[in-house]
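# 3D, please:
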Amino acid sequence: MFGNKPTVISTDHQRELISKHLRYADELVRAKNFNGALEEIRKALLLDPKHSLARSFQQRIMLIQKQNAPHEDLAPKGPTQEEIMQMITQHFSAAEQMITRREYPEALKKIAEVYAVDPGNHFAKAYSDRIEQLMMEQEQEGQKIFSSAIQQSKVEPQAKVAESPLHLERGSLLMYEEMMKEAWFDGKVTPEEEQELRSVREIFHITMEEHMLIEKKVKIEAYVDALRLAWKDGVISEMERQVLDMMRRRYGITPEEHLTIENVVQDAKKGTQPKARILLVEPDKTVLVTVMRALQQHHYEVVIASRAEDALQVMVKQLPKLIISEAIFPTGSLDGFGFYTKVQEHPSLKDTPFFFITETNNQKILRAALRMGFDLCLTKPIDLDLLIAAVEGRLSAK
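Just a heads-up that it's a prediction; the model follows:
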């Protein structure tokens, strides 16, 4: 007669339910079901609207979802990556000239312009710290002249461990990596940040080994990005060298660990050149963009076409070293098997490695394709790591 009483959930039971929702959200992220993952986070927040880990995970999922979203148009919007890099280099160059003239506040403004273009630029952060250090030294010089009081110069905090780590794919590990980037952005992890990271490790069962791998990855990537910027104009200035020394101390990069990334450093010095030209033929724009970006990240030049007929015209002008093609195209178009046959008729292309993509998992079709001469058959969803390994292995054997 008095109606239903509200359900009272104990604190321990509430924590258990929240953890259950977060773990399920992690599984959905791994399956790339981002909307489902966000729904699980919503349920967790209904139980505790102020739960910081749930809100942090929600933001990470939204970021990953945005990164995986298909683009409306293949044409880049706004400045290209090369143009952005050029802008950043110009800002650093202008800042260095101001530093030479001891115009430190103006130099800091130039570094702020770098942040406007690339808010997560670790080199800019280290650069601004170095400028602030120079301002402090300037102030100390003045105090030394007009006063007998001498203040000690600032000492950068130390960090440990650096080495190129494994790439980790679990949704929770991607989220943890983003949190680690934020924590290390200013060169040190506060007790509050460490407590938050520890809580995330407990909820998602992230081991200390995984933690160390991610921490190494974050530090190494920040240092390599800084090297690429420093070498952009072909020479490292004294100021840039000081900043890089600071970053090595800050991230604990020893001379031995530095040797493990020497190849990356050399690439940064000379500018990375495309390894080879690859022709990618795929009618599905989402798959096309995803595979294209994966190849470009591994320094391959990628020529694209959405139809086999277009690909045949492209190949005449830009001979590829390897071809990756869908097997099934819209009705009325040349299919992947017909496209392969046409390629074999071209004297300069008949020995070109040919990878074949299909949604079917029919073993008879796959075996028939291999008997026809296809080098590799990949089924969707495409395992990008397998694809890159196959590309590198096949091209290195040529």
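# C-alpha only now, for contacts and for neighbours.
Fine.
# Can you read off the pLDDT for residue 116?
The confidence metric pLDDT takes the value 74 at residue 116.
# One more: residue 8?
For residue 8, pLDDT reads 48.
# the bottom helix or strand of this structure by mean pLDDT?
helix 262-270 (a mean of 54; mean pLDDT, DSSP states H and E).
# buried sites along the helix or strand that that helix is followed by?
Downstream of helix 262-270, the first helix or strand assigned by DSSP states H and E is strand 277-281. For strand 277-281, the neighbour count (16 or more other CA atoms under 10 Å) marks 277, 278, 279, 280, 281 as buried.
# swap in stretch 102-115?
104, 107, 108, 110, 111, 112, 113, 114, 115.
# do the same with stretch 357-369
357, 358, 366, 369.
# and the third one, what does it touch?
Meaning residue 366. For residue 366, the contact set (CA atoms under 8 Å, 6 or more residues apart in numbering) comprises residue 377.
# Quick check: which element contains it?
Going by DSSP H and E, residue 366 is in helix 363-372.
# send the alpha carbons of that helix over as PDB?
Extracted C-alpha coordinates of helix 363-372, given in PDB (Å, rounded to 0.1, in the frame of the first residue of the first chain):
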ATOM      1  CA  GLN A 363      38.100 -22.600 -48.000                       C
ATOM      2  CA  LYS A 364      37.500 -23.900 -51.600                       C
ATOM      3  CA  ILE A 365      37.500 -20.300 -52.900                       C
ATOM      4  CA  LEU A 366      40.700 -19.500 -50.900                       C
ATOM      5  CA  ARG A 367      42.500 -22.600 -52.200                       C
ATOM      6  CA  ALA A 368      41.400 -21.800 -55.800                       C
ATOM      7  CA  ALA A 369      42.800 -18.300 -55.400                       C
ATOM      8  CA  LEU A 370      46.100 -19.600 -54.200                       C
ATOM      9  CA  ARG A 371      46.300 -22.100 -57.000                       C
ATOM     10  CA  MET A 372      45.700 -19.200 -59.500                       C
END
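# want to try CSV for the buried residues of stretch 102-115, with distance to residue 12 and secondary structure as columns?
Below are the buried residues of stretch 102-115 laid out as CSV (distance: CA to CA, whole Å; DSSP: H, G, I helix; E, B strand; the rest coil):
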residue, distance to residue 12, secondary structure
104, 54, helix
107, 53, helix
108, 49, helix
110, 51, helix
111, 48, helix
112, 46, helix
113, 48, helix
114, 47, helix
115, 43, helix
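# how far away is residue 354 from residue 316?
16 Å (CA to CA, to the nearest Å).
# Looking at those two, which has the bigger crowd around it?
Using other CA atoms under 10 Å, the more surrounded residue of residue 354 and residue 316 is residue 354, with 22 against 12.
# Got the phi and psi for that one?
Here is the backbone geometry of residue 354 (degrees, to the nearest 10): phi -130, psi 110.
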